[in-house]
Each structure stands twice: as C-alpha cells, then as structure tokens.
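Novice: Following is a predicted model, sequence given first.
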Amino acid sequence: MGLRAKFTLLLAILACLFLAYVHFWVAPQMSNRALVIEENAHRAQLSLTAEAIIPPLLENDLAKVYELLDAIRYDNPSWVELQLFSSEGGRLYPLMKPSVVDGHFPQLYLEQAVGFLQPPIARLQLAVDMTESRQAAIQFETSLWTALLPFMVFLLAVIWLKVEWIIRRPIEQMVRASRQLVRGSFDHPVPSHKRDELGELARAFDDMRASIERHHINIAEELDQQRKRALLLEQEKQLAEFDAIHDALTGLLNRRELERQVKIALDEVQSQHWKQHVLLYIDLDHFKAVNDNCGHQAGDQLLCDISRVMRERIREKDLLARVGGDEFAILLKDCPLEVGVRIANDICSAVHDYRYVCEKGSYQVGSSIGVAPVLPENASLEHMIAVVDSACYAAKRRGRNRVEVAVGEVLKKSDQVA
Amino acid sequence: MKYILILLLAWFSLPVNAQSDRNRPVYTVGVVPQFAQRKLFDIWQPILQALEHELDFDLELVGSPKIPVFEKKFLAGEYDFAYMNPYHMLKAHDSQGYVPLVRDGSRQLKGVLVVKHDSAYQSVADLNKKIIAFPSPNALGASLLMRADLVGLHDLEFFPRYVQTHSSVYLNVALGQTEAGGGVLSTLQKQPPEVREQLRVIYETRGIPPHPLSAHARVPEEDREAMRQAWLKLAKTEAGRQLMARIPMYQPIHADLDEYLPMREWGLDRFYIVE
C-alpha cells in the first residue's frame, strides 16, 4: 500500500476517532448542559411564580392567584400542567382536576414550596413538556456538527494535500528516478530544488547517480577497449595458429603440421586396420635454375604456382604441405595405394607440363615423387618419413620426373615415364 | 372703506366669542374607584362631555386611586357631584348634605349567599359557626348587607374571611376553602361557567336602590335640576343609553333620598370599617 493510501487511511481513522469522540463524549455533554440550563430556567420560573403568589395567597385572594397563574401559564406554553395545593393538601388551582397528561413527550416534573418559612403555605406542582428543549438541544448539537465538520474536512484536506505535495510526490519522483537508473537512464528529474530533508536526499541521490554514470561510462569504455583487445588478440592468435601450421610463402601446411597429421594417420591405421592412407613426398626438379636465373622472387612465385597445380589434383580432405625449400608432401586420406600412385603420376605430369616464364625465358620444372602407404608396420613417424623420403630419393636417383613407390623395403617401379 | 373695516373687526371677534365658555362655571364630578382609573375615565368622560352640551356649566371628572381616600374626600365635600354607593351616599348626606339626583331603576342592590353546589347547606341556619368568605368588609352588597342580614335578621354566628374580591369569594367557595361566600348577582353572573356550575345561591339579602349620582348641597338648585334633566334626556337617546349602560345604569330614573332611608335601620355602620 502506497504512502498516499496509508496516509489517507490514517487521516480517515483519525477523522473517525475525532467524530466518534465528539459524538459520544462532547456533544452529549454539551446537549446535557443545554438541557440542564433549560431545566434550571423552568425551576427558576417556578420559584418566581411561587414568590409572586405569596401576597394574594396570604390574603386568600384566590382570584388574584388564578389571574397570576393563568398569566404565567400563558407565558410558558411548555408548562402543560400547573397545580397549586393548599398546606392541607387540597387542590387550589386549577378549579377542575386536570386531565391525565399522556406521556408521549419528554416531561420534567418539578415541585416548589410556596413561602420561605416552614411550613410552606402551599405547594406548586409542575409538569413541563421538554420536547422543545430537547429539540433545542438537538439543534445545538447539530449546529456543533455543522460548525465542526466543514472545518475538520477542510483541515484534513489541507493536511492531506500538504503531505501529498511535500512528501509523497518528491518521494515518488525519486522512486521513478531510481527505476530509470536501474534501466540505465540517468536523466529523470529529482526534486533537488527543495530545501528540506527530501531535497537533501534528492541531491545526494543525484550526486550518487552522477557518480554511477561516470563509472558506467568508464566501464563501458574500458569494456569496449578490452573487447577490442580481445578481438585483436583473437585475431593474432588465429594468425599465429595459422602461421604455426602453415607455410608462410605458399600457405600450405608446414612440416610440423604435416608430421603431426602423419602421426595421426599412423595411429589411425594402427587402430582401425581398414583405413588406408598414402603419403607422397615431392621433390621439385631444376628448381634451383629458376631461382638462380630469375631471382628469388621468381622462385617463390614458382613455388606458389606449383602448389596450386598440385592442389588442384587432390581432394579437399587431402593435405598438401611444403616440407622444404622445394619439397612438398601430400597426405592422401582414405586412399588406397593404387589411387595414390595414380594421383602421384597425375601430379608428376602436371608439374611437368607447367612452365614458368620470366624475362630470361621459359623454364620447365619436374618432380620426383615418392609414394608410401601408411601402414601399421610403420613403427613410428620417423620411420614413415624415412620410408617415403627414400622413395623420393629413389625417384630422383632413377632419373627424375617420376614416381617411385615404397612397398616395405622393396621399391616398386612406377608406370610413369617422364 | 370704513364699512369693510367694521365688518372685518366683527368677523374676527366671532371666534373669540365662541371660546367664551371660560366664563362657564365648572363642577367637579367624583366617581368611586370601582374600576381602574383608565376604565373609569373611559366610561365617564363621554357621558360628561355629552351632558355638557345640554348644560350651562362644565363638568370635570375627578377621582381617587383608593376607596378610603375617595371616602375621605367626599366626606370633606370635595366633589360637587359624586357617584357612589348608597351607603356612602347616606354618610355623605349626613356629613355634607349630598342629595341623590338620578339612579338605575332597573334593578335592586342585594347580596347573595353562595355555597358549593354539592354541599348539604340549604338555609342560612345550616351555616352556624362556619367560615364565610366576603370580598372586603366594606363591600356593600356582598359584605355589609349580607352580614347585616346574617347577624341582624338571622342571628347567625359565623367566621368571616375577607378574600379581597368577589371572584375570590366564588373561587374560595368552589374550592371548598370556605363553606359559603357573600357576593352579588351581577358579579356571580360574570363568572366563567366552571365556577358558576360549582355554586348554588341559598339566600338573598334585603334590597336597596343602586348607586345614585348625587349633588353637594352647595350646588344651586337650578344647576342640580339641570343636571338631572340633562341626564334623563341623554338617557332617552340610544347613544346616551348605551353610554350609561356601561356605568352601569340601564334605566336612569329620578332618585329620591327617601328610597334609601330604610337602610339606616339595618345597622350597617357596625360592619363598616373606616380606614
């Protein structure tokens, strides 16, 4: 329940309490007092009446007594019954016994002795109709209410409005500003213009919010920086990773990576005997000539071209690596030996067909390719390398531009004729 | 020119002539204060004014606040004409020579004795040693005539209680405060029905003629007579009769002293209190 509801409830309870207090305590007391005053007025009037009739009564002038009593009764319309009794008890006034007064209205019964000495010379009895007095008392109460109620309502309304204006609204404003702050907005106005405690709170809140805002900005900037750095690092890492396994010039895998892959292939065939992989070693022929005649740059260019040539003849999943200056290796995955030999021959002829042109002329390079199946018998990576390398060397020794296959220790002649 | 002046003079002197009643003699008329002065004035002034038209003299209404004072004054002869009850008139006659001129011929003055209607009293004798209420000792019909009869005629022993007014007498009897009360018929008839219903008349006194208008001996015979005639003449007019009925004098007739003399024998002095 919000402040407004709470405060309104409080005011309502206070109002009810006050009204109950007035209704049950104050008003009855006041109207009782008013009634008592009225009663006393009647008593006083009766006392005066008693005194007025003393002289004629002492002279037995009953006509004068009647005249007086009739006149006084006429002057007091609420005196419904007035009787005078002699000291012996006989009724002296009125002449006829009065009819029984019906009790449908509130009555006051008074008795008054006539005469100041004892025994009294006569006795007055009076019944007063108090309805008018009661009504006067009620009217009095009503006027009390009509006087109090508007003022009380006005007072409560003023208090309520004041509290609403001074306390609740600024607090609500600050609550909203806090919520906006949670959502990241620093602009919501706060009642910092006030000069009371709420104003101080608002100003403190504002300062705190500004401080948060500054931190927020700093953190955001830092975060941004960190993110950029991380991105940079990531990129560098990727580059480094790339560089780690690739040859800088050609973009082919490097020796280390190839050896790692060969090792994996070895492990694979050892554990999964149906797997067949083939390793090719390719040594370019007459590369040096180009390098010497056309320059190192030309040599580099040639290597790149040859890489492309070779790349085109192998599948996506086959790995092409540059393992030396002019030495390449290809790991044919899931490839039977015959297919590998065929591919090797393919490559050999492709390389043979390739011409490099520079200003000095057009140059032809060839390739000596050693082919070795990756077999479980190959005990280790070094052994595997040695096998394929010797196959390559065999190709070179046998005239270049040819393919030699290593089967166990026995070299097999290839079909390819350069 | 001269004729015009004389005419003017004659014309201007006329109004002066009309006011020459300053030369007329003035007689005082004293009225017994039966009622309050205002009421007295209200009743008598129109009558006197009407009478003046018929007379050569003027009449000045004078009064006294109280009956004893009035009595002293007429015993001193301060009034030229006086209206008072027969008993006073006789005393006035004896001391100053007042003579009655006119009186009401339609009735007689007498007292009545009332008792409570449901009481057992039937005659005066039943009231032996009882308390009887009277207005005041000197009330003519209710008290003087009544007591004169009760004592003089019936030899009754009783205890009088003076209750100031006729109305009081009737109330006292009606309320049972006294066994009987003395009043007069005129006041009894004026009582409200609830009082009258409670009362019963058991005795009426001897009667005498009512109040006369009298003249002091010093008033000349012709003026006395003029007054009487003017009065009787006024009484014959409707307006005059209505005025006089308020005194009350319903049928003014010539009054004679002889008519009042029997009252002397009744010994009323014994019951009268001189204040």
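Specialist: All right, it came through fine. Just so you know, these numbers come straight off a predicted model, no measurement behind them.
Novice: May I ask which helix or strand encompasses B:I4?
Specialist: helix B:2-18 (DSSP states H and E).
Novice: And A:I347, by the same measure?
Specialist: Remark: A:I347 resides in helix A:337-353, with elements defined by DSSP H and E.
Novice: helices and strands around that helix, which ones?
Specialist: The contact analysis (3 or more Cβ pairs under 8 Å, 6 or more residues apart in numbering or on different chains; DSSP states H and E) places helix A:337-353 against strand A:277-285, helix A:296-312, strand A:327-332, strand A:366-374, strand A:402-407. (C-beta placed from N, C-alpha, C; glycine too.)
Novice: ok, now how distant is B:P46 from chain A?
Specialist: As judged by Cβ to the nearest Cβ, to the nearest Å, B:P46 and chain A stand 28 Å apart.
Novice: Grab the nearest non-local neighbour of that residue.
Specialist: B:L243 (5.5 Å; Cβ to Cβ, 6 or more residues apart in numbering or on different chains).
Novice: still on that earlier bit, what pairs with whichever helix or strand comes after the helix holding B:I4, and is each one parallel or antiparallel?
Specialist: For helix B:2-18, the following helix or strand on the C-terminal side (DSSP H and E) is strand B:26-31. Strand pairing for strand B:26-31, using DSSP bridges, gives strand B:58-63 (parallel), strand B:81-83 (parallel).
Novice: mind putting those in TSV, mean neighbour count and mean pLDDT included?
Specialist: Listed next are these as TSV, based on neighbours: other Cβ atoms under 10 Å in any protein chain shown; pLDDT from 0 to 100:
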stretch	mean neighbour count	mean pLDDT
strand B:58-63	17	91
strand B:81-83	25	95
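Novice: Let me see the contact set for the one residue in chain A that gets nearest to chain B.
Specialist: Closest to chain B within chain A is A:A63: 3.3 Å, counting by Cβ to the nearest Cβ. By Cβ atoms under 8 Å, 6 or more residues apart in numbering or on different chains, the contact list for A:A63 reads B:V163, B:Q164, B:T165, B:H166, B:S167, B:S168, B:Y170, B:L171.
Novice: just A:L35 next, same as before
Specialist: A:M130, A:S133, A:R134, A:A137.
Novice: Could you find the closest non-adjacent residue to the residue at the greatest distance from the centre of chain A?
Specialist: Computed with Cα atoms, centre = their mean, the residue of chain A farthest from its C-alpha average is A:E59, at 104.1 Å. Of all residues not flanking A:E59 in the chain, B:Q164 sits nearest, at 5.3 Å (Cβ to Cβ, 6+ apart).
Novice: helix/strand/coil for the one you found?
Specialist: Of the three states, B:Q164 takes coil according to DSSP: H, G, I helix; E, B strand; the rest coil.
Novice: mind putting the strands paired with strand B:26-31 in CSV, distance to B:F35 included?
Specialist: Formatted as CSV, these follow (distance: least, Cβ to Cβ, whole Å):
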stretch, distance to B:F35
strand B:58-63, 10
strand B:81-83, 12
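Novice: Now stretch A:284-295 - C-alpha only, PDB.
Specialist: The C-alpha trace of stretch A:284-295 is given here as PDB (Å, rounded to 0.1, in the frame of the first residue of the first chain):
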ATOM      1  CA  LEU A 284      60.900 -30.400 -57.400                       C
ATOM      2  CA  ASP A 285      63.500 -30.900 -60.200                       C
ATOM      3  CA  HIS A 286      65.500 -28.000 -61.600                       C
ATOM      4  CA  PHE A 287      64.100 -25.500 -59.200                       C
ATOM      5  CA  LYS A 288      67.400 -24.100 -58.500                       C
ATOM      6  CA  ALA A 289      67.800 -23.000 -62.100                       C
ATOM      7  CA  VAL A 290      64.800 -20.800 -61.900                       C
ATOM      8  CA  ASN A 291      65.900 -19.400 -58.500                       C
ATOM      9  CA  ASP A 292      69.300 -18.500 -59.900                       C
ATOM     10  CA  ASN A 293      68.200 -17.200 -63.200                       C
ATOM     11  CA  CYS A 294      65.000 -15.400 -62.400                       C
ATOM     12  CA  GLY A 295      65.700 -14.400 -58.900                       C
END
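Novice: how about stretch A:12-20: buried residues?
Specialist: By neighbour count on 16 or more other Cβ atoms under 10 Å in any protein chain shown, the buried set for stretch A:12-20 is empty.
Novice: Please enumerate the strands of chain A.
Specialist: In chain A, the segments counted as strands under DSSP state E are A:79-86, A:91-93, A:107-114, A:122-129, A:253-254, A:277-285, A:319-322, A:327-332, A:355-358, A:361-364, A:366-374, A:402-407, A:410-413.
Novice: Can I get those strands in JSON lines including distance to chain B and mean pLDDT?
Specialist: Formatted as JSON lines, these follow (distance: least, Cβ to the nearest Cβ, whole Å; pLDDT from 0 to 100):
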{"stretch": "strand A:79-86", "distance to chain B": "7", "mean pLDDT": "93"}
{"stretch": "strand A:91-93", "distance to chain B": "6", "mean pLDDT": "92"}
{"stretch": "strand A:107-114", "distance to chain B": "15", "mean pLDDT": "92"}
{"stretch": "strand A:122-129", "distance to chain B": "11", "mean pLDDT": "94"}
{"stretch": "strand A:253-254", "distance to chain B": "150", "mean pLDDT": "91"}
{"stretch": "strand A:277-285", "distance to chain B": "154", "mean pLDDT": "91"}
{"stretch": "strand A:319-322", "distance to chain B": "150", "mean pLDDT": "93"}
{"stretch": "strand A:327-332", "distance to chain B": "153", "mean pLDDT": "93"}
{"stretch": "strand A:355-358", "distance to chain B": "165", "mean pLDDT": "85"}
{"stretch": "strand A:361-364", "distance to chain B": "170", "mean pLDDT": "84"}
{"stretch": "strand A:366-374", "distance to chain B": "156", "mean pLDDT": "90"}
{"stretch": "strand A:402-407", "distance to chain B": "167", "mean pLDDT": "86"}
{"stretch": "strand A:410-413", "distance to chain B": "171", "mean pLDDT": "46"}
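Novice: Now do the helices in the chain.
Specialist: If you meant another chain, say so; for now it's chain A. With DSSP state H applied, chain A shows helices at A:3-21, A:27-52, A:54-58, A:62-75, A:131-163, A:169-183, A:197-245, A:255-271, A:287-294, A:296-312, A:337-353, A:381-397, listed in chain order.
Novice: wrong one, chain B
Specialist: So, for chain B - with DSSP H - the helices run B:2-18, B:37-54, B:67-75, B:86-96, B:146-147, B:166-174, B:185-189, B:193-196, B:221-236, B:238-245, B:257-260.
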